[in-house]
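**Q** Give me a model of this one.
(4 chains)
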Number of protein chains: 4
Amino acid sequence: MTCCYHKEIVDMRHELHRFPEEGWTEFWTTAYIAKYLRGLGIEVLMGEKVISRENCLGRNPQLVAAGIEAAKAKGVCECLLEEMQELTGCVAVLDTGRPGPTVALRFDIDCVNVLESTDPAHLPAKEGWRSERDGLMHACGHDAHAATGMAICHWVKEHLDQLNGKLKVVFQPAEEGVRGASAVAASGVLDDCDYFLTSHVSLMAKSGEVLSSPINFLSTTKYDVTFTGRPAHAGIEPNAGRNALAAACHAVTQLLGISRHGSGMTRVNIGRLIAGEGRNVIPVNAKLVMEVRGETGDINQYMCEETENIVQGVAKSFGVDYKIEKMGAAVDLVNDAPLVAMLDEVLANTEGVTTVLHDINYGGSEDATILAKRVQSHGGQACYFVMGGTRPAGGHHTASFDFDESTLGTGFDVYIGMVKKLMA
Amino acid sequence: MTCCYHKEIVDMRHELHRFPEEGWTEFWTTAYIAKYLRGLGIEVLMGEKVISRENCLGRNPQLVAAGIEAAKAKGVCECLLEEMQELTGCVAVLDTGRPGPTVALRFDIDCVNVLESTDPAHLPAKEGWRSERDGLMHACGHDAHAATGMAICHWVKEHLDQLNGKLKVVFQPAEEGVRGASAVAASGVLDDCDYFLTSHVSLMAKSGEVLSSPINFLSTTKYDVTFTGRPAHAGIEPNAGRNALAAACHAVTQLLGISRHGSGMTRVNIGRLIAGEGRNVIPVNAKLVMEVRGETGDINQYMCEETENIVQGVAKSFGVDYKIEKMGAAVDLVNDAPLVAMLDEVLANTEGVTTVLHDINYGGSEDATILAKRVQSHGGQACYFVMGGTRPAGGHHTASFDFDESTLGTGFDVYIGMVKKLMA
Amino acid sequence: MTCCYHKEIVDMRHELHRFPEEGWTEFWTTAYIAKYLRGLGIEVLMGEKVISRENCLGRNPQLVAAGIEAAKAKGVCECLLEEMQELTGCVAVLDTGRPGPTVALRFDIDCVNVLESTDPAHLPAKEGWRSERDGLMHACGHDAHAATGMAICHWVKEHLDQLNGKLKVVFQPAEEGVRGASAVAASGVLDDCDYFLTSHVSLMAKSGEVLSSPINFLSTTKYDVTFTGRPAHAGIEPNAGRNALAAACHAVTQLLGISRHGSGMTRVNIGRLIAGEGRNVIPVNAKLVMEVRGETGDINQYMCEETENIVQGVAKSFGVDYKIEKMGAAVDLVNDAPLVAMLDEVLANTEGVTTVLHDINYGGSEDATILAKRVQSHGGQACYFVMGGTRPAGGHHTASFDFDESTLGTGFDVYIGMVKKLMA
Amino acid sequence: MTCCYHKEIVDMRHELHRFPEEGWTEFWTTAYIAKYLRGLGIEVLMGEKVISRENCLGRNPQLVAAGIEAAKAKGVCECLLEEMQELTGCVAVLDTGRPGPTVALRFDIDCVNVLESTDPAHLPAKEGWRSERDGLMHACGHDAHAATGMAICHWVKEHLDQLNGKLKVVFQPAEEGVRGASAVAASGVLDDCDYFLTSHVSLMAKSGEVLSSPINFLSTTKYDVTFTGRPAHAGIEPNAGRNALAAACHAVTQLLGISRHGSGMTRVNIGRLIAGEGRNVIPVNAKLVMEVRGETGDINQYMCEETENIVQGVAKSFGVDYKIEKMGAAVDLVNDAPLVAMLDEVLANTEGVTTVLHDINYGGSEDATILAKRVQSHGGQACYFVMGGTRPAGGHHTASFDFDESTLGTGFDVYIGMVKKLMA
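**A** The predicted model follows:
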């Protein structure tokens, strides 16, 4: 099948690559996808139909406003922007009109904050489809994900009469920082789904390798914590101050010491701490950018509760005000065995797939897990898989990230294979 | 005058030295003083008349009970013990019946927890009046204070017709740990006093030297802080515990970091920390024995407030219970200039006084300051002075502490000189 | 078989139960075992032949000296004590003289610091074999282990002509605190062994249940850490002190925060902290009683290195001296599958064994693992199993610990079954 | 005298105010001063003659380079820049050629990082002499100091024949952050001076008030501390990282807890902490911007030693690299009584001086103290005084800082009065 759609995927990926948009600002990207799909006669849902506004995590109003302006400047029409209601992402709905299961596929669409390489050895630079936006780059492959999702919609639209049930294809915003899935899940758009399937193109495996059931997704919660104190001259009247920097440092020493959990892995990291003003002023402001993780949702919940106790306790100790903002979330995931078995069957019959690996440690966190759990919690089945993509280039989130585009066709074929089986 | 009373003071001091009693357990000592005074026909107040029960700091019920038993075994009669109401210390009242000022003198009577030296070079050992109670010793000179106070009562009783006004002589319990004065002050027994005079015999000055106006008494508050958590096996389920040891350690790191004060000196010390049970058990119990100090009462109050905030905050952070007990208190003191001037006059005319020093740094804390402040707060005047007492021996609170007994007569003379002037 | 030996095991267990000895002081216990075995004509090794003096962990010379005195008072002869060279434990050697494998069995012999219950519902109290030594008790079943080992030697001695190869039965001292195995291992006494078998009677399973391959033994290292500073008066000259308590508290906050390990579980616990002297003295002494654990030896090693860095760093920060003493050690263990298979066969044919459980989480640490690893490192196979023993009584290490003695016969049968197979 | 010079001072102050330059970048300012003085025929020393390059504290090479470019753009000639040798500040030397004392006066010339107010109520804004450089402002009055110093040189040049000895007028760079004085002192340019006189115009006193002997200058040292660790993914392999943020936070908790000093006041402030990179990365970089202070040089030295121990210890604990950079320094100061007496005499006879205050607490730190101590250490006398300057405006270092310019004449008169007495 590949032959017919591979070039389309590649072209669309390059187009998306040129105009990367970070999480919650993917207005042009959303418009690009919506226009393409509607051009094919496909129903597209946007705005609060697919994004629960109050469940948006880590959404910065200033960046959103700037994103809308950038989209307008790039020529996105007002009517589409209005339909989005300041919320990015969309869901394509392809209904056969015949009884059958509802199947969901999910592709993420946001970029990361990286300045793309100008090195001629870097294909996007060499071939002229490098990011037009300095400091923003599709350095995690979401451009490829989105393009693949669009092509799948195209194929399904053309083969709708051979299928049964309904397909929902989610183009999810703000995966970076695991921020977007909570809002998609809370919108309820996936609550009628029987199957959920998603994947990531990754350098952690080689071209031709597919991990059909990675394990050890860590549940995670991302927090921004701020402390606010009161200034004073550090020489003349230090006692009159309320030291937010001291509070933050003691919070860090306590957070790192949250007790291990007897039932499984935990993690805690304060990735960034910015505190204080002048050398001789008792510091007024402090901000911690942090995350906790747990091998299960319960363990992560334990980490969250300890974190909140510590932040409150330290604020009391130092007489400072505090704020805890949830900036992102992902949960753990166990792929449903029947779906993995089906995937393995498809993989065995997909050209380009040379090796299928099981039970590989994922280690990190992914917010697709929140969508998967949502579907599972309604009795559905879910499966997350990883497509290998060799390229002698930089790692994920680096200036020279790239991957083997030949795998794009393979990934497409795998999804189509699954759709054909599930909607048979 | 000395000739008549010096031997009496020395004999009584030796008797007291043989049976030292620690703070709040001075039942035999109190009985010894009361019997002597009543034998001279002097009125003696005891129990709640001179000690406010609810203001006793650092009073250990077990030690009190053992002290009563020890006093009984030493032959103290039940009737006196009943009159004491489990509270030690007493106040002698000598009223001339004539108009005039009310003058208060104060002498402390408790011992410290030191095992007395058996070295023949140590006079009490050599001469046979060493402590009979191992681990308890009058190693701070309070035996001498008490004996001097008793002899002064004797003299005043004999010269009552030559004086005017009223004299109150306080025999204060539990000076060590600055625990007893708060309860004496709160009893109100000194609220009618116009003058307050007290002193300490000290190795910080030589025989013949008197410091008539030491400065820089630090206000202080002594606390015992306990944290109580929940045990758990440290290998199997550490998360189920609530770690009191961790809370205590973080409390210490925060307490030591309480901000300096722009208006004057501060101090904070955690002198002792005992926490935990077994090596592989999340610790349940932790206790901090601590103190704060400040150059003024306000600064000490600041240290107290910070301490309480920290203890509460840490308890919140670690999900443990806490208790803060006030174990002792002393305040700052500025001697009243007119009283110092009068003292200087007396000193100039006292045989045995060779040098009078002013404005010497005291550095430590003394709970006589609480009584002095109480009298000052009612419009009275107060003065604390230090009698030097050379002895090539160990320092205060050491096993071989001793001092030059010839200064006992000098100290007696100074007090009598002041009494004659004030009650002229 | 049981019939012939069960009563002997029970009687010997009760005798051992009456005179419990804590780790490294099992002089009477060792003598009791040695005399019994030699009485049967069995070779017994003691002293440095089976214990490497320099590898004794957590051995307190004062307790050792007191233990020797207690053994003498209990009638142990000087010649046996001399043979022990102040080192407890012994190894029985039963050589068939015929070619064949060398098999090692291991039984631990020390008690714990618990005051045994006098409750008549507690069998030892009711039947008159309660501990004669207040504060010491066989509250972890090592009395049963030792008695079983002795009976096994008895059986083997009587059936030696039906077996091949050699049997070594280790009576190991100081298992509590995982202190003794390192010294046995380092002695080399097991270096010629092809098989190593040991077990624990445990309330974690019911009578009739056997765990033939528990998993997740945590590697562990036990440390005592001391800091030594310099005293100073906390009011007058705090800067002149070197604060050991502060160092200890900062060490604790750093130790609890040692980073989690990506490859597996870690643990760290400071179970006890004792620091400081007087309330108003900058603390001179501090001691931490602690442990670290890791899912593997490498991970535990990581925890050890971090611990040492922290202790050194904190000592530098606070200008105090430090000492780190290794007080105990255990490693992880994976039972060898062929030996587990053989054990399962034996269990299937042992009367009294109703259920065999696999892959049960052990969670804690055991120093038999050190001996097992030593044997494995020389190419041998090892297996640790757990015998269930219901008793509606207190848990391990509590005053009313006890277990179902009927399982003693079952345990004996399992070992004999294994010996017959291994030495066939 | 004022009449003749007051307008000149005001005009020059406004000119300097328009082009503020921060510490170590005062190239245009230095050139402005040098050209004016040389225009009057006064000898001016620059470059390494007055600034010891290796003793420059807190000198940022990037800012220096930018400062040179800015000065060139402002029209400063290459020859002057070459003479400066990249070092700012200068010293005017006025030698009478007759025997007599060498007198040093010192004026600082740098600005602070403040965006000047555009409020019409702010005189510089209203009258058109507001800073031309956004983010840089003479908000601490050094423009006035420099202008006064220049006018004094003018007067002395015109009255040289009435004076004896020699005058050195130091125009010191980089007073803010107490960075510049160390380099001036180390150059040796003041080593032949018998008297040292300097002052600050300040809102801490009202117009007409002069503090002739402020007390309690705190010795201080400013540090920048950096820790450098190793990154790792916080989810996958946190143990592989070396956490610079954690090291920094523990350093802060230890630094804040440096023991109080028995001999006098101490201070410690970490004014700013910036650490870490991404939320899910073990932090690699951390920087602390901090200061310590002490009531005396010895006490400050104690704080410095403790700081260095802590930084080293924490680096060891966390396995990170560290760097400690000294960014500034000032010492304590006791004005010489004879010079204060002389100043009081002059003040008593200076029009515009209404009140002279003694022994007022200064509280903060000033690097003129380093120059004063240098002169005192060679047997000279030094005096620092404060000229009050009311203005209902913002405080020092705020956007609307200003002061009463009428005091400029008063200040000038005081200096001239002193010069006439000292060089009589």
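
**Q** Going along the chain, name the strands of the stretch 1-150 of chain A.
**A** All strands of the stretch 1-150 of chain A, identified by DSSP state E, counting those that start in this stretch, fall at A:43-46, A:90-95, A:102-108.

**Q** just the ones you listed: most buried one?
**A** Comparing the strands of the stretch 1-150 of chain A by mean neighbour count (mean count of other Cβ atoms under 10 Å in any protein chain shown), strand A:102-108 ranks first with a mean of 25. (Glycine included, C-beta is placed from N, CA and C.)

**Q** quick one, what contacts the residue of the stretch 51-200 of chain A found nearest chain B?
**A** Closest residue of the stretch 51-200 of chain A to chain B, Cβ to the nearest Cβ: A:Val178 (23.5 Å). Contacts for A:Val178 (Cβ atoms under 8 Å, 6 or more residues apart in numbering or on different chains) come out as A:Leu57, A:Thr220, A:Lys222, A:Gly328, A:Ala329, A:Ala330, A:Ser365, A:Glu366, A:Asp367, A:Ile370.

**Q** Just send those residues back as TSV, with distance to C:Thr226 too.
**A** Shown next, in TSV, are these (distance: Cβ to Cβ, whole Å):
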residue	distance to C:Thr226
A:Leu57	48
A:Thr220	39
A:Lys222	41
A:Gly328	44
A:Ala329	44
A:Ala330	44
A:Ser365	42
A:Glu366	47
A:Asp367	48
A:Ile370	49
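
**Q** Mind picking the two most distant members of the residues you listed?
**A** Spatial extent of the contacts of A:Val178 (Cβ to Cβ) is set by the pair A:Leu57 and A:Glu366 at 14.4 Å.

**Q** re earlier: using JSON lines, lay out the strands of the stretch 1-150 of chain A together with mean pLDDT and distance to chain D.
**A** Below are the strands of the stretch 1-150 of chain A laid out as JSON lines (pLDDT from 0 to 100; distance: least, Cβ to the nearest Cβ, whole Å):
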{"stretch": "strand A:43-46", "mean pLDDT": "98", "distance to chain D": "29"}
{"stretch": "strand A:90-95", "mean pLDDT": "98", "distance to chain D": "27"}
{"stretch": "strand A:102-108", "mean pLDDT": "98", "distance to chain D": "17"}
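
**Q** now these as CSV including distance to chain C?
**A** Below are the strands of the stretch 1-150 of chain A laid out as CSV (distance: least, Cβ to the nearest Cβ, whole Å):
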stretch, distance to chain C
strand A:43-46, 40
strand A:90-95, 36
strand A:102-108, 25
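
**Q** Now render these as CSV, adding distance to A:Leu163.
**A** Below are the strands of the stretch 1-150 of chain A laid out as CSV (distance: least, Cβ to Cβ, whole Å):
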stretch, distance to A:Leu163
strand A:43-46, 15
strand A:90-95, 8
strand A:102-108, 9
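
**Q** contacting residues for the residue in the stretch 101-250 of chain A that chain B sits nearest to?
**A** Of all residues in the stretch 101-250 of chain A, A:Glu237 sits closest to chain B, at 3.8 Å by Cβ to the nearest Cβ. Residues in contact with A:Glu237 (Cβ under 8 Å, 6+ apart) are B:Gly262, B:Ser263.

**Q** For it, which phi and psi angles does the backbone take?
**A** Dihedral pair for A:Glu237: phi -150, psi 60, per degrees, to the nearest 10.

**Q** so where does A:Val169 fall, helix or strand?
**A** Per DSSP states H and E: A:Val169 is located in strand A:166-172.

**Q** Among the contacts of A:Val178, name the ones in strands.
**A** Among those, the members found in strands (DSSP state E) are A:Thr220, A:Lys222, A:Gly328, A:Ala329, A:Ala330.

**Q** Verify the stated contact: the second one with A:Glu325.
**A** This points to A:Lys222. No. Using Cβ atoms under 8 Å, A:Lys222 is not in contact with A:Glu325; the gap is 9.2 Å.

**Q** Looking at these two, which is more packed in?
**A** Set A:Lys222 next to A:Glu325 and count neighbours by other Cβ atoms under 10 Å in any protein chain shown: A:Lys222 wins out with 24 against 11.

**Q** Identify the bridge partners of that one.
**A** Here A:Lys222 sits in beta bridges with A:Glu291, A:Gly328, going by DSSP bridges.

**Q** gap between it and B:Val334?
**A** As for A:Lys222, its distance to B:Val334 is 57 Å (criterion: Cβ to Cβ, to the nearest Å).

**Q** still on that earlier bit, what is the lowest-pLDDT residue among the contacts of A:Val178?
**A** Within the set of the contacts of A:Val178, pLDDT is lowest for A:Ser365 (85).

**Q** How about the residues of the stretch 201-350 of chain A by chain D?
**A** Counting by Cβ under 8 Å from any Cβ of the partner chain, the stretch 201-350 of chain A comes close to chain D at A:218, A:220, A:222, A:233-236, A:238, A:245-246, A:248-250, A:252-253, A:256, A:267, A:269-283, A:286, A:289-291, A:293, A:327.

**Q** Now do the helices in the stretch 251-400 of chain A.
**A** When secondary structure is read from DSSP state H, counting those that start in this stretch, the stretch 251-400 of chain A shows helices at A:297-318, A:337-348, A:368-377.

**Q** Return the most buried member of those helices.
**A** Mean neighbour counts for these (mean count of other Cβ under 10 Å) peak at helix A:368-377, with a mean of 23.

**Q** same for that helix, what does it pack against?
**A** strand A:102-108, strand A:166-172, helix A:181-187, strand A:195-202, strand A:321-330, strand A:381-388 (3 or more Cβ pairs under 8 Å, 6 or more residues apart in numbering or on different chains; DSSP states H and E).

**Q** Tell me where the model's unsure across the stretch 1-150 of chain A.
**A** The model of the stretch 1-150 of chain A has pLDDT under 70 over residues A:1-3.

**Q** one more time with 50
**A** Within the stretch 1-150 of chain A, the stretches with pLDDT under 50 are A:1.

**Q** how about the closest residue to A:Val76 other than its chain neighbours, what does it touch?
**A** Distances taken as Cβ to Cβ, 6 or more residues apart in numbering or on different chains place A:Ala31 nearest to A:Val76, at 4.4 Å, with adjacent residues excluded. If a contact means Cβ under 8 Å, 6+ apart, then A:Ala31 has A:Ala71, A:Val76, A:Cys77, A:Leu80, A:Leu81, A:Met84 as its contacts.

**Q** Could I get those in JSON lines, plus columns for distance to A:Ser400 and neighbour count?
**A** As requested, the contacts of A:Ala31 are exported to JSON lines (distance: Cβ to Cβ, whole Å; neighbours: other Cβ atoms under 10 Å in any protein chain shown):
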{"residue": "A:Ala71", "distance to A:Ser400": "27", "neighbour count": "25"}
{"residue": "A:Val76", "distance to A:Ser400": "30", "neighbour count": "21"}
{"residue": "A:Cys77", "distance to A:Ser400": "35", "neighbour count": "12"}
{"residue": "A:Leu80", "distance to A:Ser400": "33", "neighbour count": "20"}
{"residue": "A:Leu81", "distance to A:Ser400": "34", "neighbour count": "18"}
{"residue": "A:Met84", "distance to A:Ser400": "33", "neighbour count": "24"}
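
**Q** With distance to B:Cys111 as extra columns, can I get the residues you listed in CSV?
**A** Converted to CSV, those look like this (distance: Cβ to Cβ, whole Å):
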residue, distance to B:Cys111
A:Ala71, 84
A:Val76, 88
A:Cys77, 92
A:Leu80, 89
A:Leu81, 85
A:Met84, 83
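
**Q** per-residue confidence at A:Asp404?
**A** You'll see A:Asp404 listed with a pLDDT of 84.

**Q** quick one: it is in a helix?
**A** No. Using DSSP: H, G, I helix; E, B strand; the rest coil, the assignment for A:Asp404 is coil, not a helix.

**Q** what's the distance between it and B:Ser219?
**A** Taking Cβ to Cβ, one finds A:Asp404 at 75 Å from B:Ser219.

**Q** Of those two, which one has the most company?
**A** Just comparing A:Asp404 and B:Ser219: by other Cβ under 10 Å the higher neighbour count belongs to B:Ser219, 28 against 19.
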